[in-house]
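[1] build me a structure from this.
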Amino acid sequence: MPKDEVDRLIRLHLRGEDLNTSSLQRYCMNLLSSHIQPTFTRDAESVANQIKKKLIRTDPTSVAGVSFSNLNSKLSNSRLSKVWAVLHFLLSMSDTTEDYEYIPAPHFSVHDGLAEQEPLLSQHLENPMNSNMLSNIQSNNYYYNNSLQHSDGIHIANELSLVREVLYSFQGISGTQIAVAESSKFFNISSQMLTPLSTRSLMANLCELGELLIFIKAFANEHVDNTKVGLISQSFCAMLLHQLSEYFKLIAVLDSKCTYKSDNADTLSVETKTQSFKSVSGSDITLRQLSVWTYEPLQQMRILAAICDTSRGLSGSALLSQMYQYYTHGDPTVERIVSKILKTVSQPLFGMIRLWMFEGELEDPFNEFFVVPRTGIMPLDKNNNVSISLRPDVHNLWKHKYVLRAEHIPKFLNKSTAKKIFLTGKNLNFIRYSCGESAYSLPNTPSLNLKAFCYEDSIGLEEAVETAYNLTCSTLMTILFEKFSLYEHFSALRKYVLLSQGDFALCLMDLISDSLSKSASTLYKHNLTGALESALRNSSGQWESPNVLRRLDVRLLEISHNDVGWDIFIINYILDDPPLNAIFTSNVMVQYGKLFRFLWKLKHVEYVLAKDWSASITLKNNSADYDSSQLHKIHLFRYEMLHFLRELLQFLTFEVIERSWQEFDVFLKQRSGSLDDLCAAHVAYLNQIVTRGFLVTSINDNESLFHIVNGLLDVIIDYTNNCAKLYTKIEEHHWTKDNDSMPPSDESNYLSDNSDNLFELQNLFKDSLKVLLKAIKMHPDENLKDLSVRLNYNDVYGF
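    Reported below is the predicted structural model:
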């Protein structure tokens, strides 16, 4: 009988000791009657493979593996029903040493006799001879399922007490056997607690949840009361506290399932304890169940802790971008958790976006939004009033009031959408404050869905932003072109500043040429303004609208030494009032001024050549016969210069200015895009004229086409001035057909010297023109090469 054999073995091993053998016998029978299944596999083939691998690892050169395979084949063909048990026994025996004779039983369930077994086990463990039993229990990963406390401090815990300890760790507090270290904030399992290594490992994994709780809670408490961290950071802390609240609800549910009450354990009778444990084993949670139920909360807490760790010192869009990096992790679970987090944390940002797009206002007390007002755009004078003179574009709210910070755009928002958000609010703000439409607001359309302004609906957000952007841009273009006559101003600049209105330019030249030929110090602005008004009345400019005429004005540049009126005269078109100054900025108007001076000089040279031709014709009709050959040479070279000038003027007028205007005019008539697109198109239009009009095109580092052309024009002016002096000298001495007297010798020498100067200027002009033709020939612009053919159509200059 097993009971008699157990009694015999007890008396054999514990001879000479006064022990209550009946209690120990009952304890051993409980061990033998355990129904807990072993943790190893019951597959004979799997156990055989483990033995073979062990034999090969022990001695790779041995034939023991082959011998074992033969023996295992014979054993499998025998009549034994549990071959796996035999093989497992052999494998277990190979793991033991000669000093260990004790073979522990598998994990079991206690049925009765707990009160009587506790002192017996304590006495048994105190025996030095039997101390190996305790070490074998620990080393072989087994534990007893009743909570016993040995006098040496060794604690043999049941699973319910372990669950209770783990639940304490879930709350971030210390228990009796699992305590949190104050320095590291990690949980340490007591070394005095008798549990298998697998259970210890499982408990350590479960305690990670409490460690993460301590870390996240400390981070949230550190930032939640800080009012300087920003709205997005505060939203993040609020989300953390909400997640911790949900987490504690889970802990409360788990704690309610644990029915074991340790406070009443000492007062219960043996029968009551037995019944209690039976009920626990049937309904209460285990460590494995805790591991399964807390798997998803553990993943979420890990992600929250990782975000807290990597987001220290971050705020605003930088914090959102850091969170979004976890969204692109690739794991669907991580993506789902981070998506929920971003939905909550990004709410302040989308609130700012809605306010900016629909009201044109900024509400960003912590400087977290990617749109910020530019400080210092409205300088004040000594009386704290807005000073317009301190800055030319002080009222240009479009350029200077708001700025887009690309580094503050969150990564889940693409840059094109962010720019449209910026421009939509900017359009709305500009319409209200610069265009005088203070009552304007976005119309309520189905495509403008306010619910789309959230993290989850990225497609709906892009559609709503696109709709709002198009609506505001279209409204702004309509206001600019209809209310402020924008197209009319572009056309007026082309006519009167770029001198495309030929009759006006010629009339103005006739009126003020004599005045401009004088010293610059003798000019008065009111006289020139009167001449400008007369030129407008006597040309097609009289049909312009009053809005255009009142903006045309004369501006005189700063006078330098030896300047004449031609050097300082400029026609100015005044566009310094909002909202027009957002397009016609000070830099743009300076560009128009440079173009006018160059074109005005070309008109001036054309005018003086025509005037010189008229003077030469008058002189030729009245001059003596001996002088006709010299005047003829002057006349021929004048035509050569006039040919160059007219070809250059035609090229600039029709190939450069008019072609650029046609391209720009197509864009203007479409009325599409934003105000930034309009400004960019306008600047491109001017740059094309400047580049193709010889003002910036470079040959090398030291010389440009503009300098060559400008030098040629100066040569022509010097040539006409010398011709005028020659004509005057002839007229003073009356060398005409009616007066046949020969000039004195000194006068004859003067005429000879003057002729030499003219020939030198002719050679200088030809040499400079050859340099220009060579430079144009090497230039990649085909239009300039066409100009080269026009200037040298009969290869007279050798090209």
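[2] can we go C-alpha only for contacts and neighbour counts from here?
    Noted.
[3] next up, the contacts around Q325.
    By Cα atoms under 8 Å, 6 or more residues apart in numbering, the contact list for Q325 is empty.
[4] checking my notes, it in a helix, right?
    Yes. Q325 forms part of a helix when assessed by DSSP: H, G, I helix; E, B strand; the rest coil.
[5] and the gap between A464 and K415?
    16 Å (Cα to Cα, to the nearest Å).
[6] more neighbours: these two, which one.
    A464 (21 against 13; other Cα atoms under 10 Å).
[7] surely the more buried one meets S447?
    Yes. Under the criterion of Cα atoms under 8 Å, A464 makes contact with S447 at 6.0 Å.
[8] now the helix or strand harbouring D567 - C-alpha only, CSV.
    In this assignment (DSSP states H and E), D567 forms part of helix 565-568. Listed next in CSV are the C-alpha coordinates belonging to helix 565-568 (Å, rounded to 0.1, in the frame of the first residue of the first chain):
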residue,chain,number,x,y,z
GLY,A,565,18.3,117.6,-65.7
TRP,A,566,18.4,114.4,-67.7
ASP,A,567,20.3,112.7,-64.9
ILE,A,568,17.8,113.3,-62.1
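[9] and the contacts of it?
    Contact with helix 565-568 is made by S515, L516, S517, K518, S519, A520, L523, L556, L557, E558, I559, K601, as judged by Cα under 8 Å, 6+ apart.
[10] buried members of those residues into PyMOL, please.
    Applying 16 or more other Cα atoms under 10 Å to those, the buried members can be selected in PyMOL as follows:
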select buried, resi 515+516+519+520+523+556+601
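[11] would you format the contacts of helix 565-568 as CSV with distance to Y496, pLDDT and secondary structure included?
    Formatted as CSV, these follow (distance: Cα to Cα, whole Å; pLDDT from 0 to 100; DSSP: H, G, I helix; E, B strand; the rest coil):
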residue, distance to Y496, pLDDT, secondary structure
S515, 20, 91, helix
L516, 18, 92, helix
S517, 21, 89, coil
K518, 24, 90, coil
S519, 25, 90, strand
A520, 22, 90, helix
L523, 21, 90, coil
L556, 16, 92, strand
L557, 18, 91, coil
E558, 22, 90, coil
I559, 24, 90, coil
K601, 15, 93, helix
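[12] for stretch 196-215, list every residue counted as buried.
    196, 199-200, 203-204, 206-215.
[13] need the next SSE after the helix holding D567, C-terminal direction.
    strand 569-573.
[14] return the set of buried residues in that next one.
    Buried, per 16+ other Cα under 10 Å, within strand 569-573: F569, I570, I571, N572, Y573.
[15] for the nearest residue to H489 once chain neighbours are set aside, helix, strand, or coil?
    Spatial nearest neighbour of H489, excluding adjacent residues (Cα to Cα, 6 or more residues apart in numbering): V548 at 7.0 Å. Here V548 is recorded as helix under three-state DSSP.
[16] surely V548 meets F490?
    No. With contacts counted by Cα under 8 Å, V548 stays clear of F490, the gap being 10.3 Å.
[17] ok, so of the buried residues of strand 569-573, who is nearest L231?
    Among the buried residues of strand 569-573, Y573 lies closest to L231 (Cα to Cα), at 48.3 Å.
[18] for that closest one, list each beta-bridge partner.
    L552 (DSSP bridges).
[19] residue contacts, it?
    L493, V497, R551, L552, D553.
[20] F569 is in contact with the second one, correct?
    If I follow you right, that is V497. No. In this structure, V497 is not within contact of F569 by Cα under 8 Å, at 12.0 Å.
[21] Y327 and N763, how far apart?
    Y327 is 76 Å from N763, by Cα to Cα.
[22] higher neighbour count, these two?
    It is Y327, of Y327 and N763, that has more neighbours when counted by other Cα under 10 Å, with 21 against 12.
[23] pLDDT at that one, what is it?
    Note for Y327: predicted pLDDT of 88.
[24] which residues does it contact?
    Listed by Cα under 8 Å, 6+ apart, the contact partners of Y327 are V334, E335, R336, V338, S339.
[25] which residues touch the last one?
    Spelled out, it's S339. Here S339 is in contact with Y327, E456 (criterion: Cα under 8 Å, 6+ apart).
[26] change it to 10 Å
    Applying Cα atoms under 10 Å, 6 or more residues apart in numbering to S339 gives the contacts M323, Y324, Y326, Y327, T333, V345, Y455, E456.
[27] just the element for V372, please.
    strand 371-373.
[28] list the helices and strands that strand packs on?
    helix 347-359, strand 402-404, helix 415-433 (3 or more Cα pairs under 10 Å, 6 or more residues apart in numbering; DSSP states H and E).
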